[in-house]
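Novice: Got a sequence here, can you build the structure:
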Amino acid sequence: MFEASDLIPIFGVVLSLSIPIVAIVMVFITSIKKKNRDTELRLALVQQGTDAETAKLLIEEQAEKHNKYSSLRWACVLIGAGLGALCNGLCGVDTEDVYFWIAIGAGMGFGLLISFIVEYKLTKKEQQEQSEA
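Specialist: Numbering: from 1, shown residues only. Okay, the predicted model is just below:
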């Protein structure tokens, strides 16, 4: 009927389709458990005499501080990776060679270094402007 070599592609397709489904289900389960845990904790705080609003503030997670330079950082990293790949192409390095990946990694590291320098200078400039104002 079926040979083992015929089942491998079917098995691969089934697994590749089941991974996102399992991930989505796990995210929903985790969020529901977190909400239940927060509700129970809030109720316990209220029973001990804490104000409902204070209990809510104690349980709420602090919003993550948005890094306004994250797009600059990603742009520099991707430009560095592109320059590393361009150098590989110009030098004729094969993709199976370890030097291909070293050059791309070095380009990404160089991009992060440039991003750090630019962020540092912009932050310093903003701090000077704020201290002058």
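Novice: Give me the pLDDT for K65.
Specialist: Note on K65: pLDDT of 66.
Novice: Go through the chain and flag its longest helix.
Specialist: helix 4-47 (DSSP state H).
Novice: Just say helix, strand or coil for T50.
Specialist: Put simply, T50 is coil when judged by DSSP: H, G, I helix; E, B strand; the rest coil.
Novice: just to revisit the earlier point, who are the packing partners of the longest helix of the chain?
Specialist: Where contact means 3 or more Cβ pairs under 8 Å, 6 or more residues apart in numbering; DSSP states H and E, helix 4-47 is packed against helix 52-59. Heads up, the C-betas are built off the backbone N, CA and C, glycines and all.
Novice: Name the residues of the helix or strand that the helix it packs on is followed by that are buried.
Specialist: Going down the chain from helix 52-59, the next helix or strand is helix 70-91, by DSSP states H and E. Neighbour counts over helix 70-91 (16 or more other Cβ atoms under 10 Å) mark R73, C76, V77, I79, G80, A81, L83, G84, A85, N88 as buried.
Novice: Now do helix 70-91: everything it contacts.
Specialist: With contacts defined as Cβ atoms under 8 Å, 6 or more residues apart in numbering, helix 70-91 is touched by 67, 95, 99-100, 103-112, 114-115, 118-119.
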